[in-house]
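1. curious how this folds, go ahead:
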Amino acid sequence: MNPNRTSEILNCYDQLEIAIVGDFCLDRYFEIDPSRSEKSIETGLEVYNVTNVRTQAGAAGTVLNNLVALGIPEIHTIGFCGEDAEGWLLRKALHKLKGVNSEFFFSSSLRQTFTYSKPLVCELNKPPLELNRLDQKNWTATPEEISDQICEGIEKLIHKVDAFIVMDQVDIEETGVITSQILERLGQIQQQNPEKLIIADSRRGLQNYPNLTYKMNANELAAWKGCSKMSLDEVKNESLQIARKSGQPVFVSMADQGITGVVPKGDQAYAASLPLRGPIDIVGAGDSVTANLCAGLAAGASIDEALQLSMRAASCVIHQLGTTGTATRRDLLQFA
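-> Numbering: from 1, shown residues only. Predicted coordinates:
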């Protein structure tokens, strides 16, 4: 894709309005200085001295951060957090982001805030080393009254936004934002508004989802089809079968093998991953692909062009170590 066409697509981002429906979490990074380690007097165990704490929105918030980095002027967050300290920090992180409208992001005493606490050992001239993560999550089903609020937010934005991104990031079904009630309504909205772009991404797989635009990785596709691994040709063939059955586009990212996309009538596109430029951290790469696919398609890019943009973004993100990175328009233009 030449520089002029890249700029033309990216300039269209100035008119976009996108909503993210999903599980927003708090990413909390504890930076540890190993030179200051000591032994606990009480237990004799090693003490990790934290010299800095960073917080940012994660999970669906990672997609949000990528859209903000792209300069999307209005982004709606639809989800919930708990009425706890982590929820306060998450709301604070969302409030700092330019262009983010959190009118439909709810606090509830019935839920706790999804939180990923990540200890990082930070040494000079070395990539950060992540120790065992500490997670906080909900273990019970999301109350219907909260799902009703989520549905209300979606309804109010149907004719306002250019696209929805659906981010199902919890491990236990029905405990997050994307419940069966929400999926049923999204399926109805897609049927009633066939031109509306609704991209779904779920860490538990999309096989039980309504007919939306699917974005998944190769491992998720293989699990769906009951096998351990797939070749590129197998990924393309299975993607086409799913697209024809659902009547919607299907995108499958394949790590260092790139990404493929297919539409129901059979047109396929492929973009290779870009060469590595040093040490990498793949955390957040898939979310950057989702955000850039959505922005590109909503701005009028072809499937082939949207795939190329997503690979450029992923290349930028994986080279940002010790954090969940993003890619700006300037970053994407440097590859043109």
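2. low-confidence stretches in the chain?
-> Within the chain, the stretches with pLDDT under 70 are 280-281, 322-323, 336.
3. I figured residue 12 was touching residue 297, is that so?
-> No: applying Cβ atoms under 8 Å, one finds residue 12 not in contact with residue 297, separated by 10.9 Å. Every residue, glycine included, has its C-beta placed from N, CA and C.
4. residue contacts, residue 40?
-> Each residue near residue 40 by Cβ atoms under 8 Å, 6 or more residues apart in numbering is listed here: 46, 47.
5. picking that back up, neighbour count: residue 12 and residue 297, which is higher?
-> The residue with more neighbours, out of residue 12 and residue 297, is residue 297; 23 against 16, by other Cβ atoms under 10 Å.
6. now for the helix or strand where that one lies, which elements pack on it?
-> Assessed by DSSP states H and E, residue 297 sits inside helix 285-298. Secondary-structure packing of helix 285-298 (3 or more Cβ pairs under 8 Å, 6 or more residues apart in numbering; DSSP states H and E): strand 17-22, helix 60-69, strand 163-168, strand 197-202, strand 213-217, strand 250-253, helix 303-318.
7. 7 Å instead, please
-> Helix 285-298 is packed against helix 60-69, strand 163-168, strand 197-202, strand 213-217, strand 250-253, helix 303-318, with contacts defined by 3 or more Cβ pairs under 7 Å, 6 or more residues apart in numbering; DSSP states H and E.
8. continuing past the shortest one, what's the next helix or strand?
-> Just to be clear, that refers to strand 250-253. In N-to-C order, the element after strand 250-253 by DSSP H and E is strand 259-262.
9. just the fourth one next, same as before
-> Read in the C-terminal direction, the helix or strand following strand 213-217 is helix 218-224, with elements assigned using DSSP H and E.
10. contact partners of that following helix?
-> 205, 207, 228, 229, 230, 235, 238, 252, 254 (Cβ atoms under 7 Å, 6 or more residues apart in numbering).
11. residue 77 belongs to a strand?
-> Yes: using DSSP: H, G, I helix; E, B strand; the rest coil, the assignment for residue 77 is a strand.
12. quick one: contacts for it?
-> Residue 77 makes contact with 20, 24, 64, 94, 100, 102, 105 under the criterion Cβ under 7 Å, 6+ apart.
13. okay, and which of those residues map to helices?
-> 64, 94 (DSSP state H).
14. ok, the contacts of residue 77 vs residue 200, which is closest?
-> residue 20 (11.6 Å; Cβ to Cβ).
15. give me the nearest residue to the closest one, chain neighbours excluded.
-> Closest residue to residue 20 in three dimensions, ignoring its sequence neighbours and counting by Cβ to Cβ, 6 or more residues apart in numbering: residue 165, at 4.8 Å.
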